[in-house]
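>>> Quick one, structure for this:
(chains A and B)
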Amino acid sequence: MQLGDGQTTYGLQIQPRMGFFTDTSVCIGCKACEVACKEWNLVPEDGLVWSGNSYDNTGELSANTWRHVAFIEQQLDDGMRWLMSSDVCKHCTHAGCLDVCPTGAITRTEFGTVVIQDDVCNGCGYCVTACPFGVISKREIDGDGGMHKCTLCYDRIEDGLEPACAKACPTKSIQFGPLHELLERAHGRLEDLHEAGVDDACLYGANEDDGVGGMGSVFLLLDEPEVYGLPPDPVDPTRNLGTIWGAAGAAAALLAVGVAFAFVGGGDD
Amino acid sequence: MGSNMAENHPVGFQWVMEAKLRGAKTMHVDPRFTRTSALCDSYVPIRAGSDIAFLGGIVNYIFEHERWFDEYVRHYTNAPVIIDERFEDTEDLDGLFSGFDPEKRVYDTSSWHYAGLPEQETAGERSKGQTKGEQSGHGAQAGHMSSGEPPEEDGTLQHPRCVFQILKRHFSRYTPKMVAEICGCTEEQFLEVAEAMCENSGRERTGAVVYSVGWTQHTVGVQYIRTAAIIQLLLGNIGRPGGGIMALRGHASIQGSTDMATLYNILPGYLPMPHGKEVSSLQEYLEGHGATTGRWAKFPTYSISQLKAFYGAAATKENDYCFDLLPKISGDHATYQSALDMLDGKVKGFFLFGENPGVGSANAKLQRLALASLDWLVVRDFFEIESASFWHDAAELETGELKTDEIGTEVFLLPAASHVEKDGSFTNTQRLLQWHWKAIEPPQDCRSDLSFTYHLGRRIREKLKDSTDPIDRGILALDWEYATSGEHDEPSADQVLREINGVGPDGKALSKYQELRDDGSTSCGCWIYCGAFKGEENQAARKKPRTEQGPVPSEWGWSWPSNERILYNRASADPDGKPWSERKKYVWWDEEKKEWTGLDCPDFTPDKAPDYKPPDGAEGDDAIRGDHPFVLQADGRGWLYAAAGLMDGPMPTHYEPHESPFDNLLYGQRANPTAQLLAHKKNRFNPAKDEAYPYVVTSYRLTEHHTAGAMSRNLEYLSELQPEFFIEVSPELAAERKLEHGGWATVITARTAIEARVMVTERLKPLEIQGRKLKQVGVPYHWGTRGLTTGDAGNDLYSIALDPNVHIQEVKAATCDVRAGRRPRGPALLELVASYPGYEEAASDAAR
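Numbering: from 1, shown residues only, chains lettered A, B, ... in the order given. Below is the predicted model of the structure:
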């Protein structure tokens, strides 16, 4: 699948690939996305624990947090900077979680998004290790035991609505739409910022040659991805499965030949 | 300035971001580096409580560098007006204005007025109400000017006593160096802001100022905003697109509740509440508060129509439209004085709607003690808030100051319906009424405030119906008929808005306030809302998207007055009535049609030509010249100098906060001499400059919580986002007091001590002020004893020191001490606080 393409999925009509563009340069850290997401998707409260880590008491994405606003306080030469950025599932072009799911609970929708069907998921947890971003985890409460993550509000977009987080975002930091349009917008915004002298601004997830084939959630960042807790070079762990199997097959063949020779040799005795 | 808009008004902040995307320069001046600072182009840190020095510096910069918008200032402001020769400035009196009575600590304001006005009329009836703790509300402020013209003017602006020269002298010592020394910013930072303001002025450009409670919550709060008004008038930024002063209100529909008289001293539409001792008849009331010229000249039509809305058919010309039945004020009945009156047993019962003073008000501890002194208390809220639960869980039970079995207050806790469970309107910052419809039925016993108030009145009237006691007439004479519907007889909110809008002699809804009459033939609950039900249509319910309208979305909701989106918009055209520029075109004079036209509804008499001069003896609107846009003022001009209407001076002056570690560098007079300091043993003040209180403490809100917390601390999705009470301090303060990030600290004032978790952050920078490093403490005040996340109430720290004009508490700047670790429990807490210095204001002073 190319960035921006839809694909066939379980016989449903192919739709343009939909995604998010999160422009962190206009994020005001209001966390309306976190709340709207939880309201719509009935995601449970995730602990009343004060972190002391700036204004981030959410910490990370998990089964119980599908949007997470990071707060990074920086002391620069020309004063203070406070970065805010709303993180979410990347809905990868090559989604490791989907590839490794043994039950078929994780599927790709007609919008090119990746969802977990909670009535099929058996909670095995393979997807947890397969996600290079740490998006998925197991919901341990109320006897759930299943894996959960952002669905890109599948139950809203199939009715023509935008996802709850994008709807609630007051400054259009979170934008939803056909991915190819969002990519165009993201590149335009990046150009504007570079022209305005914001040299460190960069796009994240907009490169289809990256380790996950590009992302359905594209970000405009004002600093290195690591600063926001994002892996700088994410790789779908199943990417090399083909070559691994090839190598393993070759090794097995070699072994078989050796064994055969051994038997042949043995016949001489 | 004085606003953390991104955090507290995130939805409105989208337009700041939009403006920024279109090239606007955004600057944030604030004691703390907040989420707003993070998003603005530049940030200037200043000491909490020093804003007038900063703004005064900009005024001085405008004068020094001759940057005022000359044509605007000459024609549209009172710059040329000559002031009474008895007037003396703070320049002459070391920080006081003329007329100060040190005994009563109030001003006789008569020397502040325009020169040449007759003595008895200069201050008018209004000054009678100006005793400490009282203010006679709003209404006309200019006295009576013949034909709308001040008696003495100097068009050259050179006369030493003209407003222009007085203002220039008054602010001359607010130099960049002085600003830096008082505020703690650098001169360069100040100059960048001053220059940016000046650059956005003139025919082609405008600049806007945004403030919130960071400006109002001071003993000089009103004067903070006055200083901004002076800047914006000098730069020609009022009445023009992209200009203005945006007063962001504390929460939804605070503007609406103020319009509809939530304050004790005003009636709906900012009509003054009559004072029982001073006003004995309707005629006296109307004469005392009216004006001859400007739109307040029609005050009798606003007032009599309001009495007709209150009393209906019972109000007749013969009985003065039931004026004698209208409640009268007899002193200071504002919220803080009322709390003291509860403690003293003078107030026995109390209704509390949508407010949580036991957490949210200054000296919240005193508030809880006050509530516990009542005989009865009715609380209507979504949850059992601290102001209802004090009898079983107040912190004072632990210290022994309260004992449950000794509290006699009978608390009636009634469940309220939320805004999605009822019809109604919100009026927001830009005076825009927006209707909302009931989405779902309120659950169980929850009812709307409207339902409660209507049925309470109905039942009381039912009980009194046979009474002949004159005291009951005020209730029995009320027009109290409203259509109800549904299982719970919910009154029609639509009908209430129609009543507020008013009806004419034909029984049809009025379309504008100019249709109101003083002969009892019209009724109108609130004159500025007249037109909200124009054409028998709920105008507030219009929801035409802006994408389907022109640049001014006039068909989205309705804004008072007359659906004008920008007030005084005559000023968007030059004196000849032409747009100042193509770029800033908004409202202009159509020479062919001989009328005002434009993108917005013109805030001006439609056919009054720009060159109109009032004839001798002209009154009302006719007395306002064709080039004077400020139609509510008796002289039609923007007041650079407020000749009347304020308790603490005709021009703003920097005073230190009542509790401050510093002297006033500008004058011998340290703090606002007229500040209202309530005297009570539970309201001790920190002595100024006392070494026991080396830090400045400022209170504020977080995006994640809502005001006193009832609507957020009870919701898990919000509580988890800020799950614990914390204070914010700089690394330097942390080092000085050995505070650990994530550990506990105790903050102490003369009122009490509270504990909180410690957030050490570079966002709070120590400031270099008068040769020392000042460190500030930030206190988000949302917490209390109840809800999913609990903590001490930050506002327990503050004293009741109030602005003399509007009785607003100074919680944005006070002094405190900080210690590492948790606070003592039980009576030991009281001992700790008692070990700190403090004093009570003399009771006699408050009584004055």
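>>> Skipping adjacent residues, who's closest to the residue sitting nearest the centre point of chain A in space?
Nearest residue to the geometric centre of chain A (C-alpha atoms, centre = their mean): residue A:90, 2.3 Å. Once flanking residues are discounted, residue A:90 sits nearest to residue A:215: 4.0 Å by C-beta to C-beta, 6 or more residues apart in numbering or on different chains. In short, each C-beta sits where N, CA and C put it, glycine included.
>>> Pull the number of nearby residues for the one you found.
27 (other C-beta atoms under 10 Å in any protein chain shown).
>>> Name the SS class of it, please.
Assigned by DSSP: H, G, I helix; E, B strand; the rest coil, the conformation of residue A:215 is coil.
>>> List the backbone torsions phi and psi for the closest residue to residue B:51 other than its chain neighbours.
Spatial nearest neighbour of residue B:51, chain neighbours left out: residue B:224 (5.3 Å); criterion: C-beta to C-beta, 6+ apart. Main-chain dihedrals, residue B:224, degrees, to the nearest 10: phi -60, psi -50.
>>> what does the one 3 residues further on give?
Comment: the main-chain dihedrals of residue B:227 come out as phi -60, psi -40, following degrees, to the nearest 10.
>>> so where does the residue nearest to the centre of chain A fall, helix or strand?
Here residue A:90 sits in a region with no helix or strand, counting by DSSP states H and E.
>>> Does it touch residue A:213 like I think?
No: the criterion here is C-beta atoms under 8 Å, and residue A:90 misses it with residue A:213 at 10.6 Å.
>>> For the stretch 1-150 of chain A, just list every one of the strands.
A:18-23, A:67-76, A:79-88, A:106-108, A:114-116, A:137-138, A:147-148 (DSSP state E, counting those that start in this stretch).
>>> how many neighbours does residue B:536 have?
If you count neighbours by other C-beta under 10 Å, residue B:536 ends up with 11.
>>> Phi and psi next, for the residue nearest to it when sequence neighbours are not counted.
Among residues not flanking residue B:536 along the chain, residue B:509 sits closest, at 5.1 Å (C-beta to C-beta, 6+ apart). For residue B:509, the backbone dihedrals are phi -60, psi 140 (criterion: degrees, to the nearest 10).
>>> what pLDDT does residue B:509 get?
At residue B:509, the model reports a pLDDT of 98.
>>> what's the distance between it and chain A?
Distance check for residue B:509 against chain A: by C-beta to the nearest C-beta, to the nearest Å, it reads 35 Å.
>>> Next one: the residue of the stretch 301-450 of chain B found nearest chain A from residue B:355, what distance?
Residue of the stretch 301-450 of chain B nearest chain A, by C-beta to the nearest C-beta: residue B:420 (13.1 Å). Separation of residue B:420 from residue B:355 (C-beta to C-beta, to the nearest Å) stands at 20 Å.
>>> Among those two, which residue is more densely surrounded?
Using other C-beta under 10 Å, the more surrounded residue of residue B:420 and residue B:355 is residue B:355, with 20 against 11.
>>> and stretch B:241-256, how far apart are its ends?
23 Å (C-alpha to C-alpha, to the nearest Å).
>>> Can you list the buried residues in that stretch?
B:241-249, B:252-256 (16 or more other C-beta atoms under 10 Å in any protein chain shown).
>>> and the residues you listed, which of them are in strands?
By the criterion of DSSP state E, membership of these in strands covers B:245-247.
>>> How about stretch A:129-142 and chain B, touching?
No: Stretch A:129-142 lies out of reach of chain B by C-beta under 8 Å from any C-beta of the partner chain, never closer than 12.5 Å.
>>> Scan the chain for its longest helix.
Since you didn't name a chain, this refers to chain A. Counting by DSSP state H, the longest helix found in chain A is helix A:241-268.
>>> meant chain B, my bad for not saying
Ordering each helix of chain B by length in residues (DSSP H) puts helix B:449-464 first.
>>> Can you name every helix or strand that it contacts?
Other elements packing on helix B:449-464 under the criterion 3 or more C-beta pairs under 8 Å, 6 or more residues apart in numbering or on different chains; DSSP states H and E are helix B:473-476, strand B:490-491.
>>> Quick one: the ones you listed as TSV, columns for mean pLDDT too.
Compiled in TSV, the helices and strands packed on helix B:449-464 are given as follows (pLDDT from 0 to 100):
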stretch	mean pLDDT
helix B:473-476	96
strand B:490-491	97
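>>> and these, which is most packed in?
Among the helices and strands packed on helix B:449-464, the stretch with the highest mean neighbour count (mean count of other C-beta atoms under 10 Å in any protein chain shown) is strand B:490-491, at a mean of 22.
>>> quick one: strands adjacent to it?
Neighbouring strands of strand B:490-491 in its sheet, by DSSP bridges, are strand B:484-485 (antiparallel).
>>> Please consider this matter closed, and thank you.
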